[in-house]
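[1] What follows is a predicted protein model with its sequence.
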Amino acid sequence: MDALEVRDLKKVYRNDVVALRGVNLRVEEGDFFALLGPNGAGKSTLIGIVSSLVNATSGEAKVFGISVQKDRSRAMAEIGLVPQEVNFNQFEKPFDIVVNQAGYYGVPRRVARERAERYLKKLSLWDKAFGPSRQLSGGMKRRLMIARAMVHQPNLLILDEPTAGVDIEIRRSMWRFISEINEAGTTVILTTHYLEEAENLCRNVAIIDHGDIIENTSVKTLLGKLQVETFVLDLREPIDTLPEVDGIEIVRRDASTLEASIPKSRSLNRLFRVLEEQGVEVISMRNKANRLEELFMRLVGIDEEAA
Amino acid sequence: MTTEVSAHSYWIGYKTILIKEVTRILRIWPQTLIPPVITMSLYFVIFGSIIGRRVGEMGGIDYMEFIVPGLIMLSVITNSYGNITSSFFGAKFGKHIEELLISPLPPWIILAGYVSGALFRALGVGVLVWLVAGFFSGFFMHNALVTVSILILTAVVFAFGGFINAVYAQKFDDIAIIPTFVLQPMTYLGGVFFSVGLLPGLWEQVAMGNPILYMVNALRYGMLGISDVPLGLAYVMVVGFAFLLGTLSLWLLKRGVGLRA
Ligand SMILES: Nc1ncnc2c1ncn2[C@@H]1O[C@H](COP(=O)(O)OP(=O)(O)OP(=O)(O)O)[C@@H](O)[C@H]1O
Ligand SMILES: [Mg+2]
């Protein structure tokens, strides 16, 4: 069964902004799914419709076969949502926020307290559980919202940019936590701007742009479509003139750092041979992390050609 | 594990909202419980003791006693309305209303939870004011059933009214306008301080069109055994308004007006 099935979903906001233009999407039960897209693409709108915060203009969303539009209550019982923006009452204590959320899903108070403690501990928030939540840092607020979303043990966890503005260490620990949740059987859907995040976590991915799904495939296949890879080269000594290599675009980041964009069809050996000849010594090399822009350019470009 | 959506889980959800509302009221007690007690004490001192001594009797009753039901009604109305507007609009403004909107709870449970919270505060304040009044004029009760039922019904009517106000409110000013420009004048003109029979002809007719007059008089009957209006008509009116505003509230919440984009 599909954890999420979205059929021909359209959304026109009251101000006539067309946010979704007929989106079709399926996420299998147990999947770890990434929804990628630039600002304003329609990711939060899609999530809003699935979680019943936004009314669809037309089309249907089903969660584990239950229609969000026709059987809202039952569909909502399946979902845990971590929204993009902080939306808890900042005058309440983290513990109460989590316990109350459980209550809205019918979890008895005693059980809710046990679970709140468990999840707040897991997300390293237990020492803050009884202080004012407005004093939490941005990263802590995000983790609190994850605890809140998990407290009724949903079958589908949806996270809207869970790691935006979170430092790398916390981000890694959040990834670990979300992966554990997925391994325990919960289907996870997350939106992100970071291809790296999708790459590290997710099995399948959809790319949404201007309210349309322009790609829906496995993360592996998607990365395979990247025809050009960019590497960052750290040099032992600063250089004055840029080396020239046929078919490889080299730009200088600073005096001793180069960026080389290499088509997948070309061999890296050629690059190093030329550098060697020119006496340029490379001390380290890494993949440039954020290749998402490039991917968008390519996909959106293709899309425009087709249109 | 699938969370079961059952009557029992709705009951837990309702209790959770109520606990949250009561916690909020008690947490900010200097804003919720104390001001009405101070204001009403001032009313009793100024109108009851000082001016009341000159007025003597109204409707055959000591003036100090005459104004007690009206002042209790005034605090019940403003606190019921004020609690739900500030709590529900605050939840909308702070976005935490989304916690409820994404939950399986149906609109009527959410509404029931907020209305119960408003009732808790309105009746709590009502009791406090009654205690203050007892200090000035002694305790009296003609018919406890009428007293309690009319207070609860009135609080429910104004909780629904406040809820509708909060649904349409976009900014904090929007929840201050109606209490100041509509509710307060209507309550003052609703016979809190005078018997409607004292008004000259036409004005008496106008005053009789004010629903709050019926509520104040019904409570006055409950506490003192006198009323300017037939009791039955007062009940028809509050039940009618409760039904009307309740239906509208529920419809707004179902449609998600001002809540779901
Ligand atoms: N409540 C709203 N009323 C009107 N327009 C809206 C509303 N919410 C979103 N939009 C518009 O709908 C479009 C899609 O917005 P959405 O928030 O879904 O994008 P997103 O992919 O989540 O972007 P981001 O990555 O910045 O979060 C945008 O043009 C946005 O301005
Ligand atoms: Mg968004």
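    Cool, the structure landed. Numbering: from 1, shown residues only, chains lettered A, B, ... in the order given. Ligands and ions are numbered 1, 2, ... in the order given.
[2] May I have the least confident helix or strand in chain B by mean pLDDT as CSV, with CA atoms only?
    Ranking every helix and strand in chain B by mean pLDDT, DSSP states H and E puts helix B:52-55 at the bottom, with a mean of 79. Taking C-alpha atoms only, helix B:52-55 is exported to CSV below (Å, rounded to 0.1, in the frame of the first residue of the first chain):
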residue,chain,number,x,y,z
GLY,B,52,-26.8,53.7,46.3
ARG,B,53,-27.4,55.2,49.7
ARG,B,54,-29.0,58.2,48.0
VAL,B,55,-30.9,56.1,45.5
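[3] name the helices or strands packed onto it?
    Applying 3 or more Cβ pairs under 8 Å, 6 or more residues apart in numbering or on different chains; DSSP states H and E, we find helix B:52-55 packed against helix B:63-93. (Glycine included, C-beta is placed from N, CA and C.)
[4] Check whether the helix it packs on comes into contact with ligand 1.
    No. Helix B:63-93 does not reach ligand 1 (Cβ under 6 Å from any ligand atom); its nearest approach is 13.4 Å.
[5] How about that helix and chain A, any contact?
    Yes. Using Cβ under 8 Å from any Cβ of the partner chain, helix B:63-93 reaches chain A at B:Ala91.
[6] any idea of the mean pLDDT for that helix?
    Mean pLDDT, helix B:63-93: 94.
[7] Kindly export the helix or strand following that helix (C-alpha atoms) in PDB.
    Proceeding N to C from helix B:63-93, the next assigned helix or strand is helix B:97-101, under DSSP states H and E. Below are the C-alpha coordinates for helix B:97-101, written out as PDB (Å, rounded to 0.1, in the frame of the first residue of the first chain):
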ATOM      1  CA  ILE B  97      -3.800  26.400  16.500                       C
ATOM      2  CA  GLU B  98      -2.200  24.300  13.800                       C
ATOM      3  CA  GLU B  99      -1.500  21.700  16.500                       C
ATOM      4  CA  LEU B 100      -5.200  21.200  16.700                       C
ATOM      5  CA  LEU B 101      -6.000  21.600  13.000                       C
END
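[8] next structured bit after helix B:97-101?
    Following helix B:97-101 toward the C-terminus (DSSP H and E): helix B:107-137.
[9] if we can go back for a sec, state the mean pLDDT of the helix or strand immediately after the least confident helix or strand of chain B in the chain.
    The C-terminal neighbour of helix B:52-55 among helices and strands, as given by DSSP H and E, is strand B:57-58. When pLDDT is averaged over strand B:57-58, the result is 82.
[10] Identify the residue nearest the residue in the stretch 51-200 of chain A positioned nearest to ligand 1 in space, chain neighbours excluded?
    Closest contact between the stretch 51-200 of chain A and ligand 1, by Cβ to the nearest ligand atom, is at A:Gln84 (5.5 Å). Distances taken as Cβ to Cβ, 6 or more residues apart in numbering or on different chains put A:Asp160 closest to A:Gln84, at 4.0 Å, once the chain neighbours are dropped.
[11] OK, contacts around B:Tyr43?
    B:Ile67, B:Leu71 (Cβ atoms under 8 Å, 6 or more residues apart in numbering or on different chains).
[12] How about A:Arg7: what's its closest non-neighbour residue?
    Nearest to A:Arg7 is A:Glu60, by Cβ to Cβ, 6+ apart, at 5.0 Å.
[13] One more: A:Lys93?
    Looking at A:Lys93 with Cβ to Cβ, 6+ apart, the closest residue is A:Phe130, at 5.3 Å.
[14] next one: B:Lys254
    B:Pro107 (4.8 Å).
[15] give the contact list for the residue of the stretch 1-150 of chain B found nearest chain A.
    Closest contact between the stretch 1-150 of chain B and chain A, by Cβ to the nearest Cβ, is at B:Ser9 (2.2 Å). B:Ser9 makes contact with A:Tyr105, A:Gly106, A:Val107, B:Thr3, B:Pro104 under the criterion Cβ under 8 Å, 6+ apart.
[16] Which parts of the stretch 1-150 of chain A are helices?
    Using DSSP state H, counting those that start in this stretch, the helices assigned to the stretch 1-150 of chain A run over residues A:43-50, A:72-77, A:94-104, A:109-122, A:138-150.
[17] Could you verify that A:Ile189 is part of a helix?
    No. A:Ile189: not assigned to a helix; according to DSSP: H, G, I helix; E, B strand; the rest coil it is strand.
[18] Hmm, it is touching A:Pro162, no?
    No. A:Ile189 is not in contact with A:Pro162 according to Cβ atoms under 8 Å; the separation is 10.9 Å.
[19] Next one: the most centrally placed residue in chain A from ligand 2, what distance?
    Note on chain A: the residue nearest the mean C-alpha position is A:Thr192, at 2.7 Å, using Cα atoms, centre = their mean. Using Cβ to the ion, to the nearest Å, one obtains 10 Å as the distance from A:Thr192 to ligand 2.
[20] Phi, psi for that residue please.
    As for A:Thr192, its main-chain torsions (degrees, to the nearest 10) stand at phi -160, psi 160.
[21] do the same with A:Ile213
    phi -80, psi 120.
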